[in-house]
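next one to model:
(one chain, ligands or ions: 2)
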Amino acid sequence: MKFPGLRKIKHYFPVSQPKPQLPSFEVRPELDTYIVGLDQTIVDVVASVSDEFLQKYNIRKGLSNLVEHGKANLIYQELVAQQAISDHFAGGTIGNTIHNYSVLADDKSVLLGVMSANIALGSPAYHYVCHTSSKVDMNHLQGVAGDIGRGITMITPDGERTFVIDPSDMDELSPDYIPTDIIAGAAAFVVSAYPLRATDQPIQQAMFKALQDAKAHNVPVVMSLGTRHLVEENREQILSTIKDYVNVLAMNELEAEALTGCADPLKAAEAILDHTDMVLITAGPEGLYLCGHTDDNVKRESSNPIKSASLADFNQYEFSRPMLHANCDKPLKVYSHIDPYLGGPERIKNTNGAGDGALSAILHDMAANHFHKQVQPLSGKHEQPYLAYSSFAQICKYANRVSYEILVQNAPRLSKGLPEREDSLEEAYWER
Ligand SMILES: Nc1ncnc2c1ncn2[C@@H]1O[C@H](COP(=O)(O)OP(=O)(O)OP(=O)(O)O)[C@@H](O)[C@H]1O
Ligand SMILES: Nc1nc2c(ncn2[C@@H]2O[C@H](CO)[C@@H](O)[C@H]2O)c(=O)[nH]1
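Ligands and ions are numbered 1, 2, ... in the order given. A predicted model of the protein is given here:
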């Protein structure tokens with residue numbers, strides 16, 4: 001607006017400066033750096049159980065078991081009677097990932113999924129909202145009449161977690177609730193393979209609409225595989241989805257084996273890189289692998305000890321930065337591995353979400369690159385269209401560190417960021 005006439009003293013409001021931006025929790029695509037996640041909205045009901053309890057209900061240990069409502073209720077009631085339930089946490093593999101991203105990056109993300117339209121105190125939806133970062137924008141969720149999903153998370157004495165999923169309305173997400181403009185402006189779009197087992201449910205179409213939007217707007221697509229038997233049972237569909245849409249694929253070593261037939265994570269990564277650009281394989285006490293592509297012209301040699309396993313000298317170029325295969329003149333496969341941070345915690349409270357934590361660190365690095373490119377487009381860091389801000393080796397360290405933080409707490413979601421001194425994507429800190 002033009003100022004109405006001149007005044008002797010200062011203008012009453014600035015006319016030449018842009019209107020100051022008021023803070024907003026809602027993501028504004030043209031102003032914010034953010035990632036978007038699509039998920040089945042699930043609350044984790046955490047309970048301690050014995051191995052016999054799992055056998056009694058014929059539940060496959062270590063996996064995510066989809067069961068019908070009646071059986072889930074029976075299990076839930078028995079756990080209540082045994083006073084075995086310790087707490088309710090917000091869950092969902094992608095919900096966890098974007099929450100953790102928002103905590104790490106101290107920045108916004110958008111959750112696409114369903115939410116109970118009327119939230120009663122103590123309901124699954126109530127617990128979900130209470131335990132989600134305020135930086136996760138939930139304005140685009142679809143209201144539903146019923147409950148969100150309930151994931152009974154059973155922790156056996158060895159610290160392993162096993163899920164029984166009661167879906168309720170979690171798969172009702174309709175393609176009408178996929179905001180193309182929000183996806184188009186994102187630094188990354190992240191989804192899991194879980195909706196692929198929701199046969200004939202609206203969430204599958206919603207997921208493919210979101211994938212198409214991301215692809216159409218060159219937004220990197222990140223997919224996590226969920227759980228081993230999901231991959232075994234939907235292998236062909238998962239493979240074709242990866243080939244058509246996915247740039248970064250995350251999984252644990254069991255899921256990698258189910259997908260490729262290779263029990264060896266390096267060999268599995270090598271095979272998967274024929275279909276996608278970058279791959280994260282977490283391997284529990286063996287640490288994690290981050291593998292991908294870089295252009296031969298910009299490859300950088302590692303100064304770490306060079307390792308050989310099923311691939312000789314596999315980490316030779318781990319100081320390179322990840323690129324999309326399509327952006328490389330001469331694509332080179334790059335492999336990096338790291339052992340658990342400090343050898344792993346002395347006592348693991350539970351492993352639930354450790355893999356999701358690693359993925360959120362990768363997303364943070366990718367979003368940091370997107371942000372840096374927006375504010376410093378001429379920087380030497382963007383001479384090539386890199387996929388992430390840091391090198392493979394550096395991202396490994398960060399991802400590993402975040403997993404450790406999840407292992408030493410009781411929940412799959414970070415309640416706070418890393419200690420301030422470590423809150424850094426810079427290589428310098430980690431070298432000390
Ligand atoms: N027993 C362990 N000892 C040391 N570190 C561990 C252990 N288990 C997990 N980690 C760390 O956590 C990371 C991720 O663990 P894991 O491979 O168990 O993930 P995941 O199976 O995908 O988990 P989730 O599906 O619950 O998110 C590992 O790469 C490693 O750094
Ligand atoms: N979206 C989704 N998340 C799941 C499923 N089963 C387990 N999880 C989540 O996986 C997380 C740990 O990786 C937990 O917080 C669970 O809520 C599922 O079927 N769908």
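
distance of N297 relative to S303?
N297 is 20 Å from S303, where distance means Cβ to Cβ, to the nearest Å. All C-beta atoms are positioned from the backbone trio N, CA, C, and that covers glycine.

identify the residues contacting P377.
By Cβ atoms under 8 Å, 6 or more residues apart in numbering, the contact set of P377 is empty.

secondary structure class for it?
coil (DSSP: H, G, I helix; E, B strand; the rest coil).

per-residue confidence at it?
At P377, the pLDDT value in this model is 92.

what do you get for the one 5 residues further on?
With respect to pLDDT, H382 has a value of 94.

Q409 contacts S415, doesn't it?
Yes. If you go by Cβ atoms under 8 Å, Q409 and S415 touch, sitting 7.0 Å apart.

more crowded one of the two?
Q409 (17 against 11; other Cβ atoms under 10 Å).

V231 against S192, yeah?
No. Taking contacts as Cβ under 8 Å, V231 lies outside contact range of S192: 11.3 Å.

how close does the closest residue to A283 other than its chain neighbours get to P29?
Ranked by Cβ to Cβ, 6 or more residues apart in numbering and with sequence neighbours excluded, the top spatial neighbour of A283 is E253, at 4.5 Å. E253 is 37 Å from P29, where distance means Cβ to Cβ.

what residues are up against A368?
With Cβ under 8 Å, 6+ apart, A368 has these contacts: 105, 388-389, 425.

by neighbour count, which of those wins?
A388 (27 neighbours).

can you pull the contacts of the residue of the chain found nearest ligand 1?
Relative to ligand 1, the nearest point of the chain is G355 (2.1 Å; Cβ to the nearest ligand atom). By Cβ under 8 Å, 6+ apart, the contact set of G355 is 224, 250-252, 282, 403.

which one of those residues is nearest ligand 2?
S224 (8.2 Å).

that closest one against A193, yeah?
Yes. S224 is in contact with A193 according to Cβ under 8 Å; the separation is 7.2 Å.

quick one, strands of the stretch 151-300 of the chain?
161-166, 188-192, 221-224, 248-252, 278-282, 288-295 (DSSP state E, counting those that start in this stretch).

okay, those strands in JSON lines with mean neighbour count, mean pLDDT and distance to G380 next?
Formatted as JSON lines, those follow (neighbours: other Cβ atoms under 10 Å; pLDDT from 0 to 100; distance: least, Cβ to Cβ, whole Å):
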{"stretch": "strand 161-166", "mean neighbour count": "23", "mean pLDDT": "94", "distance to G380": "44"}
{"stretch": "strand 188-192", "mean neighbour count": "27", "mean pLDDT": "98", "distance to G380": "23"}
{"stretch": "strand 221-224", "mean neighbour count": "25", "mean pLDDT": "98", "distance to G380": "26"}
{"stretch": "strand 248-252", "mean neighbour count": "27", "mean pLDDT": "97", "distance to G380": "24"}
{"stretch": "strand 278-282", "mean neighbour count": "27", "mean pLDDT": "98", "distance to G380": "22"}
{"stretch": "strand 288-295", "mean neighbour count": "26", "mean pLDDT": "98", "distance to G380": "15"}
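
got CSV for those strands, with distance to F89 too?
Below are these laid out as CSV (distance: least, Cβ to Cβ, whole Å):
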stretch, distance to F89
strand 161-166, 12
strand 188-192, 17
strand 221-224, 18
strand 248-252, 20
strand 278-282, 20
strand 288-295, 23
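
adding distance to ligand 1, write those out as CSV.
Formatted as CSV, the strands of the stretch 151-300 of the chain follow (distance: least, Cβ to the nearest ligand atom, whole Å):
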stretch, distance to ligand 1
strand 161-166, 6
strand 188-192, 10
strand 221-224, 8
strand 248-252, 4
strand 278-282, 3
strand 288-295, 4
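
relative to K381, which of these is closest?
Across the strands of the stretch 151-300 of the chain, K381 has its closest neighbour in strand 288-295 (14.0 Å, Cβ to Cβ).

on that earlier part again, neighbour count: E253 and P29, which is higher?
E253 (20 against 14).

count of neighbours near whichever residue of the stretch 1-150 of the chain sits closest to ligand 2?
Per Cβ to the nearest ligand atom, G91 is where the stretch 1-150 of the chain lies closest to ligand 2, at 2.8 Å. Using other Cβ under 10 Å, G91 has 33 neighbouring residues.

any idea what the closest residue to it other than its chain neighbours is bridged to?
Among residues not flanking G91 along the chain, D44 sits closest, at 3.5 Å (Cβ to Cβ, 6+ apart). Counting by DSSP bridges, D44 is bridged to F89, G151.

quick one: D44 from N247, how far?
Separation of D44 from N247 (Cβ to Cβ): 28 Å.

how about the residues of the chain by ligand 1?
252, 282-285, 287-288, 340, 344, 348, 351-356, 358, 400, 403, 407 (Cβ under 6 Å from any ligand atom).

keep only those of the residues you listed that are in helices.
354-356, 358, 400, 403, 407 (DSSP state H).

just name the closest of those to ligand 2, please.
D356 (4.8 Å).

what about the residue nearest to that closest one when sequence neighbours are not counted, neighbour count?
In space, and not counting its chain neighbours, D356 is closest to N96: 4.3 Å by Cβ to Cβ, 6+ apart. Neighbour count of N96, defined by other Cβ under 10 Å: 30.

now name the helix or strand holding N96.
For N96, the element it lies in under DSSP states H and E is helix 93-105.

that helix close to ligand 2?
Yes. Using Cβ under 6 Å from any ligand atom, helix 93-105 comes into contact with ligand 2 via 93, 96.

quick one: list the elements packing against that helix.
Applying 3 or more Cβ pairs under 8 Å, 6 or more residues apart in numbering; DSSP states H and E, one finds that helix 93-105 makes contact with strand 35-38, strand 109-112, strand 136-137, strand 188-192, strand 221-224, helix 354-375, helix 392-407.

now it, how far from the chain's geometric center?
6 Å (Cα atoms, centre = their mean, to the nearest Å).

pLDDT of that helix, averaged?
When pLDDT is averaged over helix 93-105, the result is 96.

so A206 touches M170, yeah?
No. Contact criterion Cβ under 8 Å: A206 and M170 do not qualify, at 11.7 Å.

out of those two, which sits in the busier spot?
M170 (30 against 25).

distance check, the more buried one against C130.
From M170 to C130 the distance is 18 Å (Cβ to Cβ).

next one: G151
G151 is 16 Å from C130, by Cβ to Cβ.

between the two, point out the one with more neighbours.
G151 (28 against 12).
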